[in-house]
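Undergrad: Pasted the sequence and its predicted model underneath.
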Amino acid sequence: MPRDQQSGSSKTMSQEMILTNARVVCRDRVIEQGTVVVRDGLIAEVAEGVSAAPGALDLSGDHLLPGLIEMHTDNMEKHFVPRPGVLWPSPMAAMLGHDLQVAGAGITTVFDAISVGEYAEKGPRRNILAQSFAAVKHGRAEGLTKADHYFHMRCEVSDPCVIEMFEPYAHEPLVRLVSVMDHTPGQRQWTDVSKFVQYNKGENWSEAELQAKLDRLRAEQEKYSTKHRRQVVELARTHGIPLASHDDATEDHVAEAIADGVVIAEFPITMTAAVKAREAGMKTVMGAPNVVRGGSHSGNISAVDCAAEGQLDGLSSDYVPSSLLFAAFLLTEKLGMPLHDAVAKVSDNVAQMVGLPDRGRIAEGLRADLVRVTHTEHTPVVREVWVTGKRVC
């Protein structure tokens with residue numbers, strides 16, 4: 001049974017919270033009826049049984065999970081550009097709208113994955129990059145954010161502007177991950193060019209416009225990709241930023257990643273690439289929407305199949321924040337994976353990948369980033385969220 005705490009003078013006693021009668025999802029097991037004591041923003045005690053301490057919060061048998069950790073989401077960009085051609089006039093409002101959405105999905109640490117590269121002439125991404133940094137830094141300094149925000153720089157190596165956009169931010173302490181990617185039609189994710197065309201069908205390109213687009217992108221890939229990849233990798237090494245590869249499909253792609261010192265393989269698109277990456281000591285991350293949908297939207301490998309083969313280390317919500325929690329419960333439902341192992345793929349495993357050992361598990365001494373979840377017949381529902389012991393949702 002947990003130790004019941006005695007009340008005392010607020011001037012001498014530390015701030016404390018007791019969460020009890022919960023299914024506590026620890027790293028190695030689920031305590032079916034347990035109690036977690038939080039003191040001064042850290043987890044002070046994890047115990048079996050129900051606490052009778054005055055003021056203990058009865059969670060009524062709901063699951064208590066560690067706060068989810070998201071290492072690749074482009075969700076903030078959707079708030080900056082909510083419709084094509086519309087740049088939201090308040091960067092702070094856009095950032096805080098994103099922050100509210102991710103925290104409400106149970107994500108307590110988020111790596112905002114910002115596109116580095118314009119992709120199109122007179123595009124908005126350079127402005128989004130600058131405004132995102134300014135908004136997050138100000139929001140953190142003023143205590144306005146609910147989740148803990150860092151940056152993941154998604155460097156499009158075929159883009160002419162990628163180096164001039166990335167270099168000014170490479171020294172920023174909030175930049176904790178860099179990925180190298182190439183979305184040129186005919187490469188990696190878009191090996192099948194028809195998938196690229198389908199993805200961009202909203203552009204309503206004529207045949208001539210589409211061909212001109214393909215020709216330009218392929219010419220830029222030929223001119224810039226190899227050179228820019230080398231420069232991005234060198235900048236990341238210089239500043240001690242971990243590297244991720246993106247959409248590896250072949251053994252050659254994995255070999256290139258190994259040579260570059262990559263530690264995370266994001267969204268491998270074939271089982272071969274996933275297996276080879278893990279054999280080389282890299283960790284694999286796939287999309288939670290892939291799990292929820294039952295497959296990739298672009299026809300790539302199934303994340304569930306990857307998990308079934310033991311080749312999946314972590315998940316990312318990518319473009320749907322709520323998918324992260326849902327996917328963890330679906331891995332248990334679809335594969336019989338123990339819930340604590342499934343939850344680790346959206347918490348502890350990811351924390352270890354991105355160098356945040358102070359969170360991601362419900363264990364004594366770690367940050368009290370916690371999520372209360374009711375598991376309904378339709379979907380897991382986030383009921384409450386705490387970040388360093390403070391309720392934020």
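TA: Okay, I see it.
Undergrad: Buried residues of the helix or strand containing T20, list them for me.
TA: Assigned by DSSP states H and E, T20 belongs to strand 16-25. Under the neighbour-count criterion of 16 or more other CB atoms under 10 Å, strand 16-25 has 17-25 buried. The C-beta positions use only the backbone N, C-alpha and C, and glycine is treated the same way.
Undergrad: for stretch 89-104, same thing?
TA: Buried residues in stretch 89-104, defined by neighbour count with 16+ other CB under 10 Å: 91-92, 94-104.
Undergrad: Can you tell me which of these comes closest to I301?
TA: Nearest to I301 among these: V102, at 25.9 Å, using CB to CB.
Undergrad: Would you map the strands across the stretch 1-150 of the chain?
TA: Assigned by DSSP state E, counting those that start in this stretch, the stretch 1-150 of the chain shows strands spanning 16-25, 30-39, 42-48, 57-58, 63-66, 68-73, 107-116, 148-156.
Undergrad: List the contacts of the fourth one.
TA: Spelled out, that is strand 57-58. For strand 57-58, the surrounding residues in contact (CB atoms under 8 Å, 6 or more residues apart in numbering) are 17-21.
Undergrad: got these as a markdown table, with distance to S302 and pLDDT columns?
TA: Listed next are these as a markdown table, based on distance: CB to CB, whole Å; pLDDT from 0 to 100:
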| residue | distance to S302 | pLDDT |
| --- | --- | --- |
| M17 | 40 | 98 |
| I18 | 42 | 98 |
| L19 | 36 | 98 |
| T20 | 39 | 98 |
| N21 | 37 | 98 |
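Undergrad: Looking at those, spot the one nearest V387.
TA: Checking those against V387 by CB to CB gives M17 as the nearest, at 12.4 Å.
Undergrad: Any regions of the stretch 101-250 of the chain where pLDDT drops low?
TA: Of all residues in the stretch 101-250 of the chain, those with pLDDT under 70 make up the ranges 119-123, 183-204.
Undergrad: list the contacts for R23?
TA: With CB under 8 Å, 6+ apart, R23 has these contacts: 30-34, 61-64.
Undergrad: just how off-centre is stretch 349-360 within its chain?
TA: Chain-centre distance of stretch 349-360: 12 Å, with CA atoms, centre = their mean, to the nearest Å.
Undergrad: Could you give me the buried positions within that stretch?
TA: Using 16+ other CB under 10 Å as the test for burial, stretch 349-360 gives 349-354, 356, 359-360.
Undergrad: My read is that D305 contacts M271, right?
TA: Yes: because the distance of 7.3 Å satisfies CB atoms under 8 Å, D305 is recorded as touching M271.
Undergrad: so how far is L330 from P84?
TA: From P84 across to L330, the span is 32 Å (CB to CB, to the nearest Å).
Undergrad: Show me the contact partners of stretch 365-376.
TA: Residues outside stretch 365-376 that contact it (CB under 8 Å, 6+ apart): 17, 19, 22, 36, 38, 41-43, 59, 62-68, 106, 108-109, 148, 325, 329, 358-360, 362, 380-389.
Undergrad: Pairing partners for the strand holding T20, with directions?
TA: Within its sheet, and counting by DSSP bridges, strand 16-25 is paired with strand 30-39 (antiparallel), strand 57-58 (parallel), strand 63-66 (parallel).
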